[in-house]
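Asker: what would the 3D arrangement of this be:
(one chain, ligands or ions: 1)
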Amino acid sequence: MGELMAEIPYEKMNIQWFPGHMTKAQRMIEENIKLVDAVCEILDARIPRSSRNPDIDRLAGDKPRLVILNRTDLADPAVTARWRAYFEAQGLSILETDAKSGKGVKEFAPAVRRLLADKLRDYEAKGQVGRPLRVMILGIPNVGKSTFINKVAGRKAAIAGDKPGVTRGKQWINIGTGLDLLDTPGILWPKFDSQEVGEMLALTNAIKADVLDKETLGANFMLRLRALYPNALMERYKFEPDPEANGFELLEQAAKKRGFLLSRGEYDIERMANTLLGEYHEGKLGRLSLETPDD
Ligand code: G4P
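Answerer: Next up, the predicted model:
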């Protein structure tokens, strides 16, 4: 997709975004990582690259890791399957979930037990049968960490309370399957190394779209959709995207079809940009992934 995007008239914009609380969040992870047996990293299945902070490698150290591709209900299933293969080829364990509905979530406990099979055998050999495995959930803001924890915990959830040797006040949620989760997920900050990453994060609501220029974000999104999912544009907005048009012109084409007219006989492309972003967020354009492993 990267190369593809380089060929089209892509608009540049400034990203006004200031990471607050970054150090605090990172410190929380650093302090707690030693208390867990495994880390579970939640990614947005539509943007597994942009929603992954490479600091995870340093922060997780040698802890076994499970990667969760969440929001699969909004992602293109064929692309999600490619991401699964891509991560598995790197030796990572993968779980696909829709934390909102709970789909895939019941696979979590078995996946963690498989990941930590050696540790479980170790405990057994030492006579520590029933000792819970401890897991920290990590991910960028708004990726679905709390929703996932709530779904995994379900009704069986109980605060396990302080345990000897554990930092005072630390809360563990016993999810009833031999697993304890740290009750507060670790917030990883997204890495902005390009405008494209910023746009991916804004399109998927990891950061507020207001920090970008929404019209330009919408225009660039139109270009992406024309390149990747032209049928989604045709089906939703009933127009055949002009292959020569820039992103603003595509917004205008769609605005015409929607009847978003300004008083002076011009079309309201700002309203169209907002509509496009909102409808993508709600899944109304279909299941569309924005990154593939070969980009
Ligand atoms: P966080 O703890 O990582 O910050 O994220 P949180 O669980 O608060 O989830 C953020 C939003 O994403 C929530 O929506 C939640 O319902 C939604 N969400 C989480 N997992 C999934 C999923 O697998 N699929 C879908 N479609 N949505 C998911 P919200 O607060 O109601 O806001 P909105 O984003 O729906 O408007």
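
Asker: which phi and psi values does V39 adopt?
Answerer: The phi/psi pair for V39 (degrees, to the nearest 10) reads phi -120, psi 140.

Asker: tally of neighbours for it?
Answerer: The local packing of V39 (other CB atoms under 10 Å) involves 23 other residues. In short, each C-beta sits where N, CA and C put it, glycine included.

Asker: ok, now which ones touch it?
Answerer: 33, 56, 59-60, 63-66, 135-138, 186 (CB atoms under 8 Å, 6 or more residues apart in numbering).

Asker: ranking by neighbours, what's the top pick from those?
Answerer: Highest neighbour count within the contacts of V39, by other CB under 10 Å: V135, with 27 neighbours.

Asker: may I have the helix or strand harbouring that residue as PDB, with CA atoms only?
Answerer: If you go by DSSP states H and E, V135 is part of strand 133-139. Written as PDB, here are the backbone C-alpha positions of strand 133-139 (Å, rounded to 0.1, in the frame of the first residue of the first chain):
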ATOM      1  CA  LEU A 133      -0.700 -17.500  35.400                       C
ATOM      2  CA  ARG A 134      -0.400 -13.700  35.300                       C
ATOM      3  CA  VAL A 135      -0.900 -11.700  32.300                       C
ATOM      4  CA  MET A 136      -0.600  -8.000  31.400                       C
ATOM      5  CA  ILE A 137      -2.800  -6.500  28.600                       C
ATOM      6  CA  LEU A 138      -1.000  -3.900  26.600                       C
ATOM      7  CA  GLY A 139      -2.100  -1.700  23.700                       C
END
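
Asker: cross-check the contacts of V39 against the ligand and keep the overlap.
Answerer: When contact is defined as CB under 6 Å from any ligand atom, the contacts of V39 do not meet the ligand at all.

Asker: show me where the stretch 1-150 of the chain has strands.
Answerer: For the stretch 1-150 of the chain, the strands defined by DSSP state E, counting those that start in this stretch cover 38-44, 65-70, 93-96, 133-139.

Asker: who's in contact with A209?
Answerer: The neighbourhood of A209, defined by CB under 8 Å, 6+ apart, consists of 202-203, 217, 277.

Asker: which residues touch the strand holding V135?
Answerer: Strand 133-139 has contacts (CB under 8 Å, 6+ apart) with 29, 32-33, 35-43, 51, 56, 59-60, 112-113, 116, 119-120, 145, 148-149, 172, 178-182, 185-188.

Asker: find the nearest non-adjacent residue to G130, please.
Answerer: In this structure, G130 finds its nearest non-sequential neighbour in G178, 7.3 Å apart by CB to CB, 6 or more residues apart in numbering.

Asker: for the contacts of V39, which one is nearest the ligand?
Answerer: Distance to the ligand across those (CB to the nearest ligand atom) is lowest for I137, with 8.6 Å.

Asker: what's the closest non-adjacent residue to that closest one?
Answerer: Once flanking residues are discounted, I137 sits nearest to P185: 4.2 Å by CB to CB, 6+ apart.

Asker: quick one: the one you found and V143 touch, right?
Answerer: No: taking contacts as CB atoms under 8 Å, P185 lies outside contact range of V143: 9.2 Å.

Asker: what parts of the protein come near the ligand?
Answerer: So the chain meets the ligand at 70-71, 73-74, 98-100, 139, 141-147, 205 (CB under 6 Å from any ligand atom).

Asker: now L262: phi and psi?
Answerer: Residue torsions, per degrees, to the nearest 10, at L262 are phi -90, psi 160.

Asker: for it, give its distance to the ligand.
Answerer: According to CB to the nearest ligand atom, to the nearest Å, L262 and the ligand sit 28 Å apart.

Asker: need the buried ones from the contacts of strand 133-139 selected in ChimeraX.
Answerer: For the buried members of the contacts of strand 133-139, the matching ChimeraX selection, counting by 16 or more other CB atoms under 10 Å, is:
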select :29,32,33,35,36,37,38,39,40,41,42,43,51,56,59,60,112,116,120,145,148,149,172,178,179,180,181,182,185,186,187,188
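
Asker: determine the longest helix present in this protein.
Answerer: Longest helix in the chain, counting residues (DSSP state H): helix 214-228.
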